[in-house]
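**Student:** Need the 3D shape of this:
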Amino acid sequence: MRIRILGPVEIQDDTRGRRLAVSGVQRPALLATLVVRAGRTVSADKLIQELWGADPPVNAANALQAHIKRLRQLICSAFGEPDRIRSRAPGYTLHLAPGETDAEEFTTRVTEARALTALTPGRAIPLLRAALALWRGPALDGCAQGDICRAEALALEENRLSALETLYDACLRANRHQEIIGELEQATTTHPLRERLHDQLMLALYRCDRQSEAIGVYDRIRRRLLTDLGAEPGPTLRATIQAILAQSPHILPEPGPRSLTDELAALQRQLNTLARRQAALVKMIGNTTPTPR
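**Tutor:** Have a look, this model is predicted:
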């Protein structure tokens, strides 16, 4: 059983293969706020502010209690535990076990993948794609009106973009630049000021012998940065365009790792070479050995 917040807020029953919708307007926001602050008490006043903003109803406290009651019933039917939401002055606390949200699963998978990216990028790629597949839309979709959920939604989106950049780094390290060009073109269109995505697109294009297009990407983001922020591209992006213009070999694809068959073949060649040298040395010694008188 998991609570999903990487998209519209819902409860997923993986065992029975069903989703439990959190109906209404305030109830999803209430659950989202308690999930974001899981294990910590959120005051009733703060919950009222999250749900209704600056214009709460006259009977806001009673309305909040009614929403808490219905949410408890829903969570009890999903988790089989009646006391997940506990009253604790001055408000309420939601108790979750490790791994009971999709956001936590996302973070775990990305952390595991990042540990593999430098040495074995090919193994990191499917982990990162699986983590990103957990997203069903904007985080806390429809619930990010209050301060708590709005801040969390922004933080989660930044984590998603960072994971996306890690994925493209892994693809570039694994010499799979050709397969990500379309994704990077879409990502740079959606995030026109994100320099790292543009840097990755430039590298992918250059490695596919599309140098003029890579230069065009740099020109486009430079104009956008100057227009929107009044700033030049950062040092990483400038270094990449200089390397492209100079056709520097250090931005070309790195040699891929050899298979076990290749390694054994190389070892056999070395052994054959050593055997030939040894035979030649024995023959040379035999030719130079003095004949006994």
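**Student:** mind listing the helices for the stretch 151-293 of the chain?
**Tutor:** With helices called from DSSP state H, counting those that start in this stretch, the stretch 151-293 of the chain shows them at 181-190, 195-207, 211-228, 235-245, 260-288.
**Student:** Most tightly packed of the ones you listed?
**Tutor:** Mean neighbour count (mean count of other Cβ atoms under 10 Å) peaks for helix 195-207 among these, with a mean of 23. Using the backbone N, CA and C atoms, a C-beta is placed for each residue, glycine as well.
**Student:** neighbouring contacts of that helix?
**Tutor:** The contact list for helix 195-207, computed with Cβ atoms under 8 Å, 6 or more residues apart in numbering, reads 164-165, 168-169, 172, 177-178, 180-181, 184-185, 187-188, 191, 211, 213-214, 217-218, 220-221, 225, 233-234, 236-237, 240-241, 244, 251-253.
**Student:** Hey, what's the angle from it to helix 181-190? Just curious.
**Tutor:** For helix 195-207 against helix 181-190, the angle by axes from the mean of the first three to the mean of the last three Cα atoms, to 10 degrees is 150 degrees.
**Student:** From the chain's centroid, how far away is helix 195-207?
**Tutor:** How far helix 195-207 lies from its chain's middle: 18 Å, per Cα atoms, centre = their mean, to the nearest Å.
**Student:** Ok, stretch 54-69 next?
**Tutor:** Relative to the chain's own centre, stretch 54-69 is displaced by 37 Å; criterion: Cα atoms, centre = their mean.
**Student:** Just the residues contacting that stretch, thanks.
**Tutor:** Here stretch 54-69 makes contact (Cβ under 8 Å, 6+ apart) with 24, 26-27, 30, 44, 47-49, 51-52, 85, 92.
**Student:** please redo it, this time with the cut-off set to 10 Å
**Tutor:** Taking contacts as Cβ atoms under 10 Å, 6 or more residues apart in numbering, the residues outside stretch 54-69 that touch it are 24, 26-27, 29-31, 34, 44-45, 47-49, 51-52, 85, 87, 91-92.
**Student:** Alright, I will stop here.
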